[in-house]
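Participant: how would this look folded up:
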Amino acid sequence: MKSSKAHIEVRLYLGLVMVRDARNRPLRDLRISLTDRCNMRCRYCMPREHFDGNHQFLAKKEILSYEELTTIVQSLIPLGLSKVRLTGGEPLLRKDICSFIEMLPKDLDLAMTTNGILLERFANDLAKAGLDRVTVSLDAVDVETFQAMGDTDETPETV
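Facilitator: A predicted model of the protein is given here:
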(Lines give C-alpha, C1' and ligand atoms only; values in the text may rest on other atoms or scores of the structure.)
Protein backbone atom coordinates (compact mmCIF):
# COMPACT_ATOMS: atom_id res chain seq x y z
CA MET A 1 0.00 0.00 0.00
CA LYS A 2 1.32 3.44 -0.86
CA SER A 3 0.23 6.82 0.38
CA SER A 4 1.66 9.70 -1.59
CA LYS A 5 0.17 12.15 0.88
CA ALA A 6 2.05 10.78 3.89
CA HIS A 7 4.98 9.37 1.87
CA ILE A 8 4.78 6.08 3.72
CA GLU A 9 4.88 2.61 2.23
CA VAL A 10 3.98 -0.62 3.99
CA ARG A 11 5.61 -3.74 2.53
CA LEU A 12 5.38 -7.42 3.23
CA TYR A 13 8.95 -8.71 3.39
CA LEU A 14 9.75 -12.31 4.31
CA GLY A 15 6.44 -12.55 6.14
CA LEU A 16 7.06 -9.36 8.11
CA VAL A 17 5.31 -6.07 7.54
CA MET A 18 7.78 -3.22 7.21
CA VAL A 19 6.92 0.46 7.24
CA ARG A 20 9.19 2.56 5.02
CA ASP A 21 9.25 6.18 3.92
CA ALA A 22 9.48 7.51 0.36
CA ARG A 23 13.27 6.98 0.37
CA ASN A 24 12.87 3.34 1.45
CA ARG A 25 14.17 4.00 4.97
CA PRO A 26 12.53 2.05 7.80
CA LEU A 27 10.32 4.16 10.04
CA ARG A 28 11.29 3.54 13.63
CA ASP A 29 10.16 6.81 15.24
CA LEU A 30 6.68 7.94 16.22
CA ARG A 31 5.72 11.45 17.30
CA ILE A 32 2.61 11.66 19.47
CA SER A 33 0.99 15.05 19.94
CA LEU A 34 -0.73 14.64 23.31
CA THR A 35 -2.66 17.90 23.20
CA ASP A 36 -3.30 20.90 21.01
CA ARG A 37 -3.12 23.23 24.02
CA CYS A 38 -0.12 25.25 25.14
CA ASN A 39 0.69 27.65 27.98
CA MET A 40 2.69 29.92 25.65
CA ARG A 41 1.83 31.74 22.43
CA CYS A 42 5.06 31.47 20.48
CA ARG A 43 4.94 33.56 17.34
CA TYR A 44 6.05 30.67 15.12
CA CYS A 45 3.74 28.02 16.57
CA MET A 46 0.57 29.24 18.30
CA PRO A 47 0.44 33.01 17.80
CA ARG A 48 -2.10 34.82 19.94
CA GLU A 49 -3.74 36.29 16.82
CA HIS A 50 -4.98 32.80 15.91
CA PHE A 51 -5.15 31.15 19.33
CA ASP A 52 -6.89 33.81 21.39
CA GLY A 53 -9.85 33.34 23.72
CA ASN A 54 -12.15 32.59 20.77
CA HIS A 55 -10.12 29.67 19.42
CA GLN A 56 -11.83 26.29 19.74
CA PHE A 57 -9.36 23.66 20.90
CA LEU A 58 -10.21 20.00 20.43
CA ALA A 59 -12.87 18.63 22.75
CA LYS A 60 -11.67 15.97 25.18
CA LYS A 61 -13.72 13.30 23.38
CA GLU A 62 -11.85 14.08 20.13
CA ILE A 63 -8.42 13.41 21.64
CA LEU A 64 -7.15 9.84 21.70
CA SER A 65 -7.18 8.33 25.18
CA TYR A 66 -4.00 7.02 26.75
CA GLU A 67 -5.33 3.50 26.25
CA GLU A 68 -5.86 4.14 22.52
CA LEU A 69 -2.41 5.68 22.16
CA THR A 70 -0.83 2.73 23.99
CA THR A 71 -2.60 0.30 21.65
CA ILE A 72 -1.23 2.18 18.63
CA VAL A 73 2.31 2.17 20.03
CA GLN A 74 2.16 -1.54 20.89
CA SER A 75 0.84 -2.40 17.43
CA LEU A 76 3.73 -0.55 15.76
CA ILE A 77 6.51 -2.25 17.74
CA PRO A 78 6.38 -5.45 15.63
CA LEU A 79 6.71 -3.19 12.56
CA GLY A 80 10.00 -1.76 13.82
CA LEU A 81 8.99 1.10 16.12
CA SER A 82 11.72 1.78 18.66
CA LYS A 83 11.43 5.50 19.51
CA VAL A 84 8.49 7.62 20.67
CA ARG A 85 8.56 11.39 21.11
CA LEU A 86 5.77 13.06 23.11
CA THR A 87 4.90 16.58 21.98
CA GLY A 88 1.96 18.95 21.98
CA GLY A 89 1.06 21.83 22.19
CA GLU A 90 2.63 21.49 25.57
CA PRO A 91 2.59 17.79 26.58
CA LEU A 92 2.85 18.58 30.30
CA LEU A 93 -0.61 20.18 30.15
CA ARG A 94 -2.17 16.76 29.47
CA LYS A 95 -3.56 15.29 32.69
CA ASP A 96 -1.91 12.19 34.15
CA ILE A 97 0.95 12.19 31.65
CA CYS A 98 3.11 10.12 34.00
CA SER A 99 0.45 7.41 34.06
CA PHE A 100 0.58 7.30 30.27
CA ILE A 101 4.36 7.01 30.25
CA GLU A 102 4.09 4.10 32.69
CA MET A 103 1.68 2.36 30.27
CA LEU A 104 4.22 2.37 27.43
CA PRO A 105 6.61 -0.55 26.87
CA LYS A 106 9.82 -0.03 28.83
CA ASP A 107 12.14 -0.99 25.96
CA LEU A 108 11.14 2.05 23.88
CA ASP A 109 13.42 5.07 23.59
CA LEU A 110 10.95 7.57 25.06
CA ALA A 111 11.49 11.33 24.75
CA MET A 112 9.48 14.51 25.23
CA THR A 113 9.66 17.98 23.74
CA THR A 114 8.43 20.72 26.09
CA ASN A 115 8.67 24.47 26.54
CA GLY A 116 10.00 23.67 30.03
CA ILE A 117 7.74 25.95 32.04
CA LEU A 118 6.14 23.05 33.95
CA LEU A 119 9.17 20.77 33.87
CA GLU A 120 10.40 21.46 37.40
CA ARG A 121 7.01 20.38 38.75
CA PHE A 122 7.03 17.09 36.80
CA ALA A 123 10.71 16.16 36.33
CA ASN A 124 11.08 13.58 39.10
CA ASP A 125 7.78 11.87 38.32
CA LEU A 126 8.57 11.78 34.59
CA ALA A 127 11.90 10.08 35.27
CA LYS A 128 10.29 7.56 37.64
CA ALA A 129 7.59 6.82 35.06
CA GLY A 130 10.23 5.89 32.47
CA LEU A 131 10.88 8.98 30.35
CA ASP A 132 14.39 8.67 28.92
CA ARG A 133 15.04 12.16 27.57
CA VAL A 134 13.64 15.70 27.49
CA THR A 135 14.20 18.34 24.83
CA VAL A 136 13.42 21.87 25.98
CA SER A 137 12.53 24.49 23.37
CA LEU A 138 14.37 27.61 24.47
CA ASP A 139 14.11 30.46 21.97
CA ALA A 140 16.42 32.89 23.77
CA VAL A 141 18.36 33.34 26.98
CA ASP A 142 17.76 37.06 27.29
CA VAL A 143 14.43 38.02 28.88
CA GLU A 144 13.28 40.50 26.24
CA THR A 145 13.71 38.17 23.27
CA PHE A 146 12.32 35.16 25.17
CA GLN A 147 9.17 37.07 26.14
CA ALA A 148 8.73 38.49 22.65
CA MET A 149 9.15 35.11 20.92
CA GLY A 150 6.87 33.30 23.35
CA ASP A 151 4.40 36.14 23.87
CA THR A 152 4.68 35.42 27.57
CA ASP A 153 5.56 37.00 30.90
CA GLU A 154 7.70 33.95 31.75
CA THR A 155 11.48 34.27 31.77
CA PRO A 156 14.22 31.95 30.52
CA GLU A 157 15.09 31.28 34.16
CA THR A 158 11.68 29.61 34.57
CA VAL A 159 12.73 27.09 31.97
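Participant: what about the helices in the protein?
Facilitator: Assigned by DSSP state H, the chain shows helices spanning 66-76, 97-103, 119-129, 143-150.
Participant: could I get the buried residue list for the third one?
Facilitator: It stands for helix 119-129. By 16 or more other Cβ atoms under 10 Å, the buried positions in helix 119-129 come out as 119, 122, 126, 129. Where you see a C-beta, it was placed from the backbone N, CA and C, and this is true even at glycine.
Participant: hmm, which two among the residues you listed are most spread apart?
Facilitator: Greatest spacing in those, by Cβ to Cβ: 119 and 129 (13.8 Å).
Participant: got a list of what residue 141 touches?
Facilitator: Going by Cβ atoms under 8 Å, 6 or more residues apart in numbering, residue 141 touches residue 156.
Participant: sorry, wrong one. I was asking about residue 64.
Facilitator: Taking Cβ under 8 Å, 6+ apart, we find residue 64 in contact with residue 72.
Participant: now the residue nearest to the spatial centre of the chain. Nearest residue, chain neighbours left out?
Facilitator: Centroid check for the chain by Cα atoms, centre = their mean gives residue 87 as the closest residue, at 1.7 Å. Spatial nearest neighbour of residue 87, chain neighbours left out: residue 113 (4.8 Å); criterion: Cβ to Cβ, 6 or more residues apart in numbering.
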